[in-house]
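Peer 1: requesting a structural model of the entry that follows:
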Amino acid sequence: MVDNEFGRGSRNWLLHARYVRGEHAQCIDLADDLQRQTSNTHRYAHFIKGSVLADAGRLQEAFEKFHSCIRLQPQDPEPLKQVAKCLFHQSRFQLSLEAYLEADKLTKYPDADIYSALAECAWKLGDIERGVEWARSAVQAGGGERAGSLLARLLLSSGDVNGALAAYDQALTAHACGADTLAAAGTLQLRAGDPRRAFQLLGAALAQQPTQHAAALALAAMMLQHKDVDAALARLKAALTAHPTCVAAHTNLGLALLVKKKYIAALTCLQRAVWAAPLSGRAAHNLGLALLLCKRPASAFCRLATAAALQPTQHYTVLLIAVALERLGDSRADAAYARAAALGPDDPLIRLNLAGRHARAGRLSNAVEEAGIVAQLLQIEKSDAQLISALATLLALLRSAGVELSDLPNTIPETDIEVPSTEDVNTPEEEQLASDEV
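Peer 2: Down below sits the predicted model:
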């Protein structure tokens, strides 16, 4: 802040030192003393006192102090920037945008902080295109990590994944970025299909900040994909230590514990995820899946019905509802299977479950027809060993029942892995759980 009061005997340096050290009480006392000595015309005292009040959340009082600075020297952009910042914290984004534009007119050189703030205001107002333009201006003006990360997030929100990756790469190359930027870049690299680069960035983020929950979550997801459940559990516990209410961490931890066959702990984690996000269809879906695996179809149906109400077009949720209804002996299972097939007509898992349902209900001709569709889908798409094995098991059962399978494709993808059918998801006898009270 430009100030002509830095003369012989000035105590502005002491005012600034006490503010940056966090000695706010002494800072306000000194500011009041300076105001009494100068008949309430000490601009820097007004400015520092406004900053202290803004940090304490007393935004309206901070407004008055910054406006006093503006009245004393209207050409200084710094108090106007602070006014705009207070307006932003009050969610008055349009007024904040206008104040930042006025401050930009007063500056004699490109100000990266103003451009970054303008980009954030435009983002909040839904004007992504203008936000990207201001973020680019902030990067060109030397905005550093903040401007580069903001540009990447704006490009990602506009659907330009490649542009966001390039913006993150530029920011990481030009600046020593913090853990949050590294975690965001690593997560985006993972989504873009570059796990090696994602692992490097996420590891660097955790090296800087071991409690960075976004990086821990992404690394845990990679470890779960590679069947390293124990390492994933450690990462997820670290993420929950830093962010105890993180829904994704509770959900992934529950699913990992489910793989370890720790059913009670898994259900507890998934239930906590539902409590933390009662309107999350995914959390309800995962809890319904766990309840279904734990032989509790009635409770599973209730959770899955909630998930389907929140996400009506999620075909896997409808499929699990069909499985739950079938295990409950409900005649509506056929309609649920048909609905799942209508929502995902090209999904071999859904068509295979529908074929199994037809076979169990004695509709063998329909089962053969659906098995043919599954075989064609598996030939078109990348082969899945479990689906191929399940299809082979179904065809063997149909042949043993005396069904003519000449209409099926002659070549079915081969696999050496023997996996039980999707519907035969039973636990061993010593792990049987109590069924629901229906």
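Peer 1: Gly50: which element?
Peer 2: Counting by DSSP states H and E, the element that carries Gly50 is helix 43-55.
Peer 1: need the residues that contact the helix or strand following that helix.
Peer 2: Using DSSP H and E, the helix or strand that follows helix 43-55 in sequence is helix 59-72. The contact list for helix 59-72, computed with C-beta atoms under 8 Å, 6 or more residues apart in numbering, reads 40-41, 43, 46-47, 49-51, 53-54, 76, 78-80, 82-83, 86, 89-90. Every C-beta, even on glycine, is put in place using the N, C-alpha and C of the backbone.
Peer 1: what subset of those is buried?
Peer 2: The neighbour-count criterion (16 or more other C-beta atoms under 10 Å) marks 43, 46-47, 49-51, 53-54, 76, 78-80, 82-83, 86 among the contacts of helix 59-72 as buried.
Peer 1: output the contacting helices and strands for the helix holding Gly50.
Peer 2: helix 12-20, helix 24-37, helix 59-72, helix 77-89 (3 or more C-beta pairs under 8 Å, 6 or more residues apart in numbering; DSSP states H and E).
Peer 1: any chance of those helices in TSV, with distance to Leu325 and mean pLDDT too?
Peer 2: TSV is the format used below for these (distance: least, C-beta to C-beta, whole Å; pLDDT from 0 to 100):
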stretch	distance to Leu325	mean pLDDT
helix 12-20	65	86
helix 24-37	62	86
helix 59-72	55	87
helix 77-89	50	90
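Peer 1: highest mean neighbour count out of those?
Peer 2: helix 77-89 (a mean of 22; mean count of other C-beta atoms under 10 Å).
Peer 1: give me the residues contacting that one.
Peer 2: By C-beta under 8 Å, 6+ apart, helix 77-89 touches 1-2, 47, 50-51, 54, 59, 62-63, 66-67, 69-70, 93, 95-97, 99-100, 102-104, 106-107, 111, 113-114, 117, 120-121.
Peer 1: CA atoms only for that helix, dumped as CSV, please.
Peer 2: Once non-C-alpha atoms are left out, helix 77-89 reads as follows in CSV (Å, rounded to 0.1, in the frame of the first residue of the first chain):
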residue,chain,number,x,y,z
PRO,A,77,-6.4,0.4,-5.3
GLU,A,78,-5.4,-1.6,-2.2
PRO,A,79,-8.4,-0.6,0.0
LEU,A,80,-10.7,-1.2,-2.9
LYS,A,81,-9.3,-4.7,-3.4
GLN,A,82,-9.9,-5.4,0.3
VAL,A,83,-13.5,-4.2,-0.1
ALA,A,84,-14.0,-6.5,-3.0
LYS,A,85,-12.5,-9.4,-1.0
CYS,A,86,-15.0,-8.8,1.9
LEU,A,87,-17.8,-8.7,-0.6
PHE,A,88,-16.6,-12.1,-2.0
HIS,A,89,-16.6,-13.6,1.5
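Peer 1: kind regards, and thank you for your time.
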